[in-house]
Structures are given as C-alpha cells and as structure tokens.
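Visitor: I would like to see how this sequence folds:
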Amino acid sequence: MVDPFKAPKFEVPEEMRDFANKSVEQAKRAFDSFMGATQEAAANLKGSAETMQRNAADATHQVVGYAEQNVKAAFEHAQALVKAKGFDEVMAPWARSSRTPPSRNDHRSVGKGRPAKRPGVISRQPFPCRPFL
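Guide: As a prediction, this is how the structure comes out:
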C-alpha cells in the first residue's frame, strides 16, 4: 500500500545538477562584473563632482572679484564727480573711456577670439572694470 504522507523519492540527474551549478556560477560572475563596473562609475562620478565643485568655486571667486572691482570703480567715479568743479571735469572720465578701444584684458573682450589657458579652468585674475555712467 502507498503511504499518502510519505514524499515520493525524487532524484535529480547528475547532468541537471552540473548544469544548474554552472548557471549559478555564471550568474555570480556576471553580478560581480556588474558590481565592478558600478563601483568604477561611482568613483568616476565622485571625481567629476569634485572637478565641478572646484570650477564652480573658481567661477564664484572670479565673479566676486569682478563685483569688487566694479564697486571700487563706481566709488572712485563718484568721488571724482564730487570733486568736479565744472561740466568738463564731470565728463572727462566718460570721454577718456569712450575714446580708447577695449584692451585685451577688458571685460568687453573676454572670450572673443582668445583661446583658454587650460580647458575647463577659469582664470583667477579679475578683469578691469570701467565705471558705468
């Protein structure tokens, strides 16, 4: 008589076990390769983020330098206006700046036909600002 509560004897052929074992090993190698590529990409991303952060800091310093120079020039111009005794002295700074073409270092000529010193690096030297009238 057959016992209904007894599990039937089931045997897996040796070829099936070898195939399953090889499949598991192959999946493990594929996963290890995927994880290696993921870790490499994460390391590259970290390096790119650090480079972007340095470049952003350089740009911020440059913008602050331009703003400082512009404000300084504006105060110097205001002092010249206060000390002016006539219309000619008031118009003299404007007349001087309108007669001279922009220099190589003038902010109006930045990025026009000049190659960068190093690609991706912003110069730390501020450019000269003229007071706005």
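
Visitor: going forward, measure contacts between C-alpha atoms and count neighbours the same way
Guide: Noted.

Visitor: what's the host helix or strand of Leu81 packed up against?
Guide: Assigned by DSSP states H and E, Leu81 falls within helix 14-83. Contact here means 3 or more Cα pairs under 8 Å, 6 or more residues apart in numbering; DSSP states H and E; on that basis helix 14-83 packs against helix 87-99.

Visitor: just the angle between the helix it packs on and helix 14-83, please?
Guide: Helix 87-99 runs at 150 degrees relative to helix 14-83, counting by axes from the mean of the first three to the mean of the last three Cα atoms, to 10 degrees.

Visitor: before we move on, back to that, pLDDT of the helix holding Leu81, averaged?
Guide: Across helix 14-83, the average pLDDT comes to 88.

Visitor: with stretch 90-103 instead?
Guide: 70.

Visitor: can I get stretch 73-91 in CSV, CA atoms only?
Guide: Written as CSV, here are the backbone C-alpha positions of stretch 73-91 (Å, rounded to 0.1, in the frame of the first residue of the first chain):
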residue,chain,number,x,y,z
ALA,A,73,35.5,101.8,-9.8
ALA,A,74,32.0,103.2,-9.1
PHE,A,75,33.1,104.7,-5.8
GLU,A,76,36.2,106.2,-7.4
HIS,A,77,34.0,107.7,-10.1
ALA,A,78,31.6,109.1,-7.5
GLN,A,79,34.5,110.7,-5.7
ALA,A,80,35.7,112.3,-9.0
LEU,A,81,32.2,113.6,-9.6
VAL,A,82,32.0,115.1,-6.1
LYS,A,83,35.4,116.8,-6.6
ALA,A,84,34.5,118.1,-10.1
LYS,A,85,34.3,121.8,-10.4
GLY,A,86,32.7,122.0,-13.8
PHE,A,87,31.0,120.1,-16.6
ASP,A,88,34.3,119.3,-18.3
GLU,A,89,35.6,117.5,-15.2
VAL,A,90,32.3,115.6,-14.9
MET,A,91,32.5,114.4,-18.5
